[in-house]
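**Student:** A structural model of the following input is requested.
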Amino acid sequence: MKIEPITGRYGHLEIEGRPHRLYWEEAGEGIPLLCLHTAGADGRQWRALLNDPEITRRHRVIAYDMPRHGKSSPAPGTVDEDYRLTADGYVAQVLAVCDALELEKPVVMGCSIGGRVVLHLAERRPERFRALIGLQSGAAVPPYYDTGWLHRPDVHGGEICGAFAYGLMAPTSPAAEVDETRWHYMQGGPGVFRGDLFYYTVDGDFRDRVARIDVAKCPLHLLTGEYDYSCSPQDTRALAEALGIGWTLMPGLGHFPMSENPQAFLAHLRPVLERIRAA
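**Tutor:** Numbers count the residues shown, from 1 in each chain. Coordinates of the predicted model:
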């Protein structure tokens, strides 16, 4: 049996004045690399990074499950609340995790909603981070589907969430990795995916705030897979041009590059991490 070098832990912390029991996994040592999962999923998406010896030799890789996601429970007394993720709440959450884990100038990398919140972090608290990495990052996304299907009594929530995720992946991604990615989506709590998409499509719209980012204060790196209709390469190109920075197109990858085709994704990520370390 091969045992992976990943340690899982639970911690107790306050986020916006509410107590939370949060789960995270980590591996490696060095520069902290905090990884933010996509809407409706959890930290298992980052398993390839946590298992990559080249990265973990130089980075303490940390992937946490957002409240209500994966092994992190809702705050006490909130199970029946109509969950909606907001920009203020997401920023407060990331900062609370950094404080609780005593991460000094970490690199934060997020995908999808995580790729959106790095923009909010770059705008609001750039001094807190060594660098920010946005995967599938765009300033906004039009509501191209009816999120009501994600939480209704006559539809199996897990299966419809998995179907949504499947359509966002590249046809060239390995079948086993695609299956595991959509399986994570099938296990999400009721209404969680829909609540995350409220941030992604409504409250986290960043179009009128892009000019407020000063990339001189904190380097921002953008990488986007070519097969993605949620955040298309054109969306990331427009964001990068508005910021005056370069970006990386990842051929053959979709909306979940780190989990749907990990080895192809790592080939694009390693040079970015090298540039961050060199700086």
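
**Student:** all strands in this structure, in order from the N-terminus.
**Tutor:** 7-15, 18-27, 31-36, 59-64, 107-111, 131-135, 220-225, 248-250 (DSSP state E).

**Student:** List the buried residues of the shortest one.
**Tutor:** Within strand 248-250, the residues that count as buried by 16 or more other C-beta atoms under 10 Å are T248, M250. All C-beta atoms are positioned from the backbone trio N, CA, C, and that covers glycine.

**Student:** residues making contact with that strand?
**Tutor:** With C-beta atoms under 8 Å, 6 or more residues apart in numbering as the test, strand 248-250 has contacts from H221, L222, L223, T224, G225, E226, P233, P257, A264, F265, H268, V272.

**Student:** got those residues as a markdown table, with distance to G191 columns?
**Tutor:** Converted to a markdown table, these look like this (distance: C-beta to C-beta, whole Å):
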| residue | distance to G191 |
| --- | --- |
| H221 | 33 |
| L222 | 30 |
| L223 | 30 |
| T224 | 28 |
| G225 | 27 |
| E226 | 31 |
| P233 | 31 |
| P257 | 26 |
| A264 | 33 |
| F265 | 29 |
| H268 | 33 |
| V272 | 34 |
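
**Student:** What subset of those is buried?
**Tutor:** Here, 16+ other C-beta under 10 Å leaves H221, L222, L223, T224, G225, P233, P257, A264, F265, H268, V272 buried among the contacts of strand 248-250.

**Student:** and T7, how far is that from W24?
**Tutor:** According to C-beta to C-beta, to the nearest Å, T7 stands 9 Å off from W24.

**Student:** Among these two, which residue is more densely surrounded?
**Tutor:** W24 (22 against 10; other C-beta atoms under 10 Å).

**Student:** which residues does that one contact?
**Tutor:** With contact set as C-beta under 8 Å, 6+ apart, W24 has these partners: G8, R9, G11, G43, I62, A63, Y64, D65, V97, L101.

**Student:** hmm, try it at 6 Å
**Tutor:** Residues near W24 by C-beta atoms under 6 Å, 6 or more residues apart in numbering: I62, Y64.

**Student:** now swap in R212 and tell me
**Tutor:** Counting by C-beta under 6 Å, 6+ apart, R212 touches E123.

**Student:** What separation do you get for it and M109?
**Tutor:** Plainly put, R212 is 21 Å away from M109 if you go by C-beta to C-beta.

**Student:** What of A131?
**Tutor:** To M109, A131 is 9 Å away according to C-beta to C-beta.

**Student:** between the contacts of strand 248-250, which is closest to P142?
**Tutor:** P233 (15.8 Å; C-beta to C-beta).

**Student:** What is the neighbour count of the residue lying closest to R209 once chain neighbours are set aside?
**Tutor:** Closest residue in space to R209, ignoring its immediate chain neighbours: E123 at 5.8 Å, by C-beta to C-beta, 6 or more residues apart in numbering. E123: 19 surrounding residues under other C-beta under 10 Å.

**Student:** so who does E123 touch?
**Tutor:** So E123 contacts R209, R212, I213 (C-beta under 6 Å, 6+ apart).

**Student:** So for the closest residue in space to K217 that isn't next to it in sequence, what pLDDT did the model give?
**Tutor:** In this structure, K217 finds its nearest non-sequential neighbour in P126, 3.9 Å apart by C-beta to C-beta, 6+ apart. In this model, P126 is scored at 98, pLDDT.

**Student:** do the same with the one 4 residues further on
**Tutor:** Model confidence at R130, given as pLDDT, is 98.

**Student:** likewise the one 10 residues further on?
**Tutor:** On pLDDT, A140 comes in at 95.

**Student:** beta partners of M109?
**Tutor:** For M109, the beta-bridge partners are C35, I133 (DSSP bridges).

**Student:** if we can go back for a sec, pipe the strands of the chain into JSON lines and attach distance to V91 per row.
**Tutor:** Listed next are those as JSON lines, based on distance: least, C-beta to C-beta, whole Å:
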{"stretch": "strand 7-15", "distance to V91": "11"}
{"stretch": "strand 18-27", "distance to V91": "15"}
{"stretch": "strand 31-36", "distance to V91": "11"}
{"stretch": "strand 59-64", "distance to V91": "15"}
{"stretch": "strand 107-111", "distance to V91": "11"}
{"stretch": "strand 131-135", "distance to V91": "12"}
{"stretch": "strand 220-225", "distance to V91": "15"}
{"stretch": "strand 248-250", "distance to V91": "25"}
